[in-house]
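Colleague: Build the 3D model from these lines:
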Amino acid sequence: MGQEPFVRAGCRVTNCMTTDDRNFLNDSDALLFHPINYDPVGDVPPHRNPHQRYVFLFYEAETSGRIYPVFQHPAAREGFFNWTMTYRRDSDVYSPQPYGILRRKNRTSSILDRETLPVQLAPGLLPPDPAVFLETLMNNTNSSGRSDDHLVSKKTKKIAWFVSKCWTQSRRENFFRQLFEFYPSIDVYGECGIKGLDCQPWKSLECDKIIGDYKFYIAAENSFCPDYVTEKFYRALQVGAVPIVYGGSDYSAYAPPYSFIHAADFQSPKDLADYLFLLDQNPKLYARYLEWKKDWIVDRQPFDGWCSLCEKLNHPDANQTSKSYQDIAKWWFDDILCLPKSSISIIT
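Modeller: Numbering: from 1, shown residues only. Next comes the predicted model:
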């Protein structure tokens with residue numbers, strides 16, 4: 001809270017401050033609303049100044065439909081929200097903070113001026129449709145087909161998967177159950193794996209160290225949603241385990257080539273297993289997947305979105321813009337779809 005985070009993060013504009021003190025409601029340039037916590041009936045601000053921007057702030061991949069009141073009640077529609085601030089790259093403010101971002105190494109520029117991956121989409125563009133990646137996975141799953149040497153030498157284990165949800169919207173468990181048949185050297189941590197194989201607290205540095213002992217890490221998302229690339233992916237990259245990704249996003253926009261392995265690139269789980277065996281048995285081939293570290297670093301808690309919001313509020317046109325969303329649920333659910341469970345269940 002306050003101004004200090006903007007200064008500490010090295011934002012180009014630092015005259016913003018954040019607060020949860022509602023005595024400042026009428027004085028604030030922007031009010032941020034989180035769907036899970038906001039009640040559009042009993043918690044509507046009593047007064048709205050013309051210059052205020054109402055911002056839709058959301059980081060969850062919501063595949064169960066319009067279950068929160070903010071998506072249902074007329075008080076939250078009809079132009080209520082001016083801007084969006086989410087993990088989707090077509091947001092007014094792209095905010096990757098809860099998950100991560102890649103920054104190009106460059107000692108001559110400040111950290112927020114360096115090239116980053118991914119980049120925000122141009123106005124009017126939508127993220128790629130997750131159905132494209134699902135179709136590839138479906139076709140491949142139903143198919144019958146088959147440097148940094150010092151870092152490689154430290155790897156003593158094959159594949160890890162930290163998973164807390166055994167049954168998911170994305171049906172990732174179906175795909176990787178087949179992979180296990182051809183590549184049994186997979187350690188599954190948590191309730192869904194071998195009893196007693198666990199690490200707590202789940203997101204601790206100690207658990208990061210465990211992941212870093214493995215050559216590969218399964219970074220499979222629990223929902224097939226556009227631009228939904230979570231901390232699973234960045235955690236693996238940061239500790240030096242090559243992520244095996246499974247999700248509804250264009251991962252090539254999020255990381256450089258040869259930094260991850262996409263399940264959709266293989267004709268079957270067996271073909272993926274064969275490729276993992278090949279990399280495991282050829283250190284120089286595997287080391288290629290670590291070369292990106294020479295040029296990029298992982299930021300697990302990027303403040304870029306908040307810096308962008310501050311800059312946007314300071315822009316001369318910020319108070320004059322008339323942009324608003326007539327129905328925020330249409331933008332979040334309908335303009336580009338998360339795939340429902342029924343679409344993915346045919347992956348077996």
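
Colleague: pLDDT weak spots in this structure?
Modeller: 63-64, 107-112, 133-154, 194-196, 318-321, 341-348 (pLDDT under 70).

Colleague: Strands of that one, residue ranges please.
Modeller: With strands called from DSSP state E, the chain shows them at 30-33, 53-58, 83-86, 93-94, 101-104, 116-117, 157-162, 186-189, 214-220, 242-246, 261-262, 296-299.

Colleague: Turn these into TSV, columns for distance to Tyr275 and mean neighbour count.
Modeller: Glycine gets a C-beta too; all of them are placed from N, C-alpha and C. As requested, the strands of the chain are arranged in TSV below (distance: least, C-beta to C-beta, whole Å; neighbours: other C-beta atoms under 10 Å):
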stretch	distance to Tyr275	mean neighbour count
strand 30-33	44	19
strand 53-58	36	22
strand 83-86	34	22
strand 93-94	33	22
strand 101-104	23	20
strand 116-117	24	18
strand 157-162	12	21
strand 186-189	15	19
strand 214-220	11	24
strand 242-246	10	24
strand 261-262	7	19
strand 296-299	23	18
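
Colleague: Include distance to His73 when you put those strands into a markdown table, please.
Modeller: Converted to a markdown table, the strands of the chain look like this (distance: least, C-beta to C-beta, whole Å):
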| stretch | distance to His73 |
| --- | --- |
| strand 30-33 | 12 |
| strand 53-58 | 14 |
| strand 83-86 | 18 |
| strand 93-94 | 24 |
| strand 101-104 | 34 |
| strand 116-117 | 36 |
| strand 157-162 | 37 |
| strand 186-189 | 41 |
| strand 214-220 | 35 |
| strand 242-246 | 35 |
| strand 261-262 | 40 |
| strand 296-299 | 37 |
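
Colleague: Which of those sits closest to Val7?
Modeller: Distance to Val7, taken as C-beta to C-beta, is lowest for strand 296-299 among these, at 17.5 Å.

Colleague: Next, the residues that contact that closest one from outside, please.
Modeller: Applying C-beta atoms under 8 Å, 6 or more residues apart in numbering, the set of residues contacting strand 296-299 from outside is 100-105, 111, 117, 234, 237-238, 255-256, 259.

Colleague: do the same with stretch 119-131
Modeller: Among residues not part of stretch 119-131, those counted as contacts by C-beta under 8 Å, 6+ apart are 88-91, 94, 224-227, 247-250, 253, 335-339, 343.

Colleague: In PyMOL, how would I select the buried members of those?
Modeller: Buried members of the contacts of stretch 119-131, identified by 16 or more other C-beta atoms under 10 Å, are gathered into one PyMOL selection as follows:
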select buried, resi 88+89+90+91+94+224+225+226+227+247+248+249+250+336+337+338+339+343
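
Colleague: Look up the closest residue to Ile36, ignoring the ones flanking it.
Modeller: On the basis of C-beta to C-beta, 6 or more residues apart in numbering, the spatially nearest residue to Ile36 that is not a chain neighbour turns out to be Tyr68, at 6.2 Å.

Colleague: Quick one: residues contacting Leu313.
Modeller: Residues touching Leu313, when contacts are defined by C-beta under 8 Å, 6+ apart, comprise 16, 29-30, 53.
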